[in-house]
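**Student:** I'd like to go over a predicted model; first the sequence, then the structure.
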Amino acid sequence: MKEKQPGLNSFGKKGWWTIIFVGLLYVISSNTVDLVNVIPNLFGAVKGWDPNNLLIFNSVGGWVGVVITLAVGQWIAAKGVKLPTILMLLLCGLFFILVGVSNSIAMYGLFIVLLTAVGSVLNLVSTNTYMSNWFPRKKGIALGWATMGAPVSSAVAPALFMGAANGAAGENGVPNLFVPCLIFGIISFIIMALAFITKATPKEAGAYPDNDPAMANMNVEEGHSSWTVGKLLKCKQTWVVSLVFGLLFIALVSTMTYFIPRMVAAGFTQDEGTMWLTVASILGIIGSYLWGLIDQKLGTKKAVIIFAAYMAVMQFLLAAVMGVNQTITLILVILLGILIGGICNLLPSMVISIFGGQHFAAANSVVTPIVVALRTAAFIIMGIILGATNNNFGTLSIFLGIFAAVAFVLSFLLTGKQLPAPDEK
């Protein structure tokens with residue numbers, strides 16, 4: 001009698017624990033991006049600093065993150081994911097707290113740069129490595145659950161930070177900057193404690209990849225890959241997947257960063273824009289699972305093609321109705337929320353599909369810095385476009401639609417099967 005295969009969402013207790021832990025990693029690492037619209041403005045108001053100048057440090061942190069993700073990615077590829085993740089969480093907590101006690105622009109800038117860089121490592125290296133180790137074939141649906149942490153952060157982090165700062169305000173009504181930073185630092189330390197008890201691979205946990213005994217031979221041995229940096233840089237697929245997701249990240253980061261100003265430009269109030277950002281983020285939680293399901297059912301390449309087409313169409317439609325029809329604008333902006341969780345899902349899934357679970361850490365250590373570099377360029381691109389068009393968000397949407405359209409075309413060049421490793425015939 002044929003042994004019954006585990007169901008699509010049957011990950012076992014240890015597998016589910018890994019998904020929950022990675023979800024928490026997404027929550028805390030996404031905070032470093034989601035709080036961009038809150039921290040500079042709040043510190044600027046309290047300290048008397050220009051918030052526009054403070055935003056520069058987030059961009060610098062993104063570029064520093066390129067170097068750090070490359071270095072830590074190589075460390076993870078050689079020695080495993082657990083210790084580097086613990087260290088990154090420790091630093092994340094410390095930098096959050098140090099931001100809170102900053103009394104000069106130089107001090108603030110230093111720790112925001114380091115916090116942003118560490119967040120990139122956790123968000124795109126640690127998370128993806130855990131998931132590739134545990135779910136080589138159920139990667140789509142497993143990531144669909146784990147990446148819900150990203151939109152949860154978008155929905156909760158800004159309100160929590162502002163609420164904690166205002167709630168701890170003194171008699172003069174000035175927000176307390178230290179309290180919210182301390183809270184996020186403590187959350188980082190709690191997740192760090194959980195990292196000590198979370199196993200990096202199913203084999204270490206006495207479990208099976210995908211919770212399937214038939215996958216016992218798929219257990220990942222960390223630190224073993226014949227894909228070197230040089231060989232990966234010479235591989236066409238490395239550049240195709242990096243460009244596809246780099247362009248999609250530019251479109252998505254730009255959309256989320258200017259979500260509220262875009263809504264205000266369309267005729268909504270600041271409070272209404274904030275409310276609809278929360279709604280869009282909640283829809284992103286649903287979208288995380290939806291894109292994971294599409295990935296699992298249709299295959300990762302087709303899911304990426306659909307995602308890129310969806311992004312391009314939404315941006316072009318937004319450009320057409322911006323400032324013309326509030327109702328349609330609102331519908332389109334909400335539909336964009338479905339994209340929030342998808343990109344964090346599809347990037348690691350595509351890298352696993354191309355290079356395989358055993359070689360994921362090595363491949364990801366090269367792909368991620370390239371993607372981070374392109375994602376960071378979003379802030380420069382947005383500044384140039386909005387500056388040249390006097391903050392015309394319709395024009396910005398056209399450019400973002402073009403980026404997504406280019407990603408759509410390039411996505412057809414992605415391979416539909418795993419590449420043989422350099423030491424394989």
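**Tutor:** Arrived safely, thanks for sending.
**Student:** helix or strand for the spatially closest residue to K139 that is not a sequence neighbour, which one?
**Tutor:** Nearest non-adjacent residue to K139, counting by Cβ to Cβ, 6 or more residues apart in numbering: S349, 4.9 Å away. Every C-beta, even on glycine, is put in place using the N, C-alpha and C of the backbone. Using DSSP states H and E, the element containing S349 is helix 342-355.
**Student:** contacting residues for A117?
**Tutor:** G61, G62, V64, G65, V67, I68, T69 (Cβ atoms under 8 Å, 6 or more residues apart in numbering).
**Student:** any idea how far it lies from I402?
**Tutor:** Distance of A117 to I402, computed by Cβ to Cβ, to the nearest Å: 29 Å.
**Student:** With F245 instead?
**Tutor:** Distance, F245 to I402, by Cβ to Cβ: 16 Å.
**Student:** if we can go back for a sec, tell me the helices and strands packed up against the helix holding S349.
**Tutor:** Where contact means 3 or more Cβ pairs under 8 Å, 6 or more residues apart in numbering; DSSP states H and E, helix 342-355 is packed against helix 127-134, helix 139-146, helix 236-257, helix 270-298, helix 300-321, helix 360-388.
**Student:** I328 is nearest to which of these?
**Tutor:** helix 300-321 (4.6 Å; Cβ to Cβ).
**Student:** Following the chain past that closest one, name the next helix or strand.
**Tutor:** Assignment by DSSP H and E places the next element after helix 300-321 at helix 326-337.
**Student:** out of the contacts of A117, which are buried?
**Tutor:** By neighbour count, with 16 or more other Cβ atoms under 10 Å, those hold G61, G62, V64, G65, I68, T69 as buried.
**Student:** would you turn these into CSV with pLDDT, distance to M263 and secondary structure?
**Tutor:** Listed next are the buried ones among the contacts of A117 as CSV, based on pLDDT from 0 to 100; distance: Cβ to Cβ, whole Å; DSSP: H, G, I helix; E, B strand; the rest coil:
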residue, pLDDT, distance to M263, secondary structure
G61, 89, 26, helix
G62, 86, 25, helix
V64, 92, 31, helix
G65, 88, 28, helix
I68, 93, 34, helix
T69, 91, 32, helix
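**Student:** from those residues, which is closest to I328?
**Tutor:** G62 (33.0 Å).
**Student:** The closest one is in contact with R375, isn't it?
**Tutor:** Yes: G62 is within contact range of R375, at 6.8 Å (criterion: Cβ atoms under 8 Å).
**Student:** Give the buried residues for stretch 366-382.
**Tutor:** Buried, per 16+ other Cβ under 10 Å, within stretch 366-382: 366-379, 381-382.
**Student:** Restrict that stretch to CA atoms and write it as PDB.
**Tutor:** Presented in PDB, the C-alpha positions along stretch 366-382 are these (Å, rounded to 0.1, in the frame of the first residue of the first chain):
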ATOM      1  CA  VAL A 366      25.700  36.900  -4.300                       C
ATOM      2  CA  VAL A 367      22.100  37.600  -5.500                       C
ATOM      3  CA  THR A 368      21.000  39.400  -2.300                       C
ATOM      4  CA  PRO A 369      23.700  42.200  -2.400                       C
ATOM      5  CA  ILE A 370      22.900  42.900  -6.000                       C
ATOM      6  CA  VAL A 371      19.100  43.100  -5.200                       C
ATOM      7  CA  VAL A 372      19.800  45.300  -2.100                       C
ATOM      8  CA  ALA A 373      21.900  47.700  -4.200                       C
ATOM      9  CA  LEU A 374      19.100  48.100  -6.700                       C
ATOM     10  CA  ARG A 375      16.400  48.400  -4.000                       C
ATOM     11  CA  THR A 376      18.400  51.100  -2.300                       C
ATOM     12  CA  ALA A 377      18.600  53.000  -5.600                       C
ATOM     13  CA  ALA A 378      14.800  53.400  -5.300                       C
ATOM     14  CA  PHE A 379      15.300  56.400  -3.000                       C
ATOM     15  CA  ILE A 380      17.600  58.100  -5.400                       C
ATOM     16  CA  ILE A 381      15.300  57.400  -8.400                       C
ATOM     17  CA  MET A 382      12.200  58.600  -6.500                       C
END
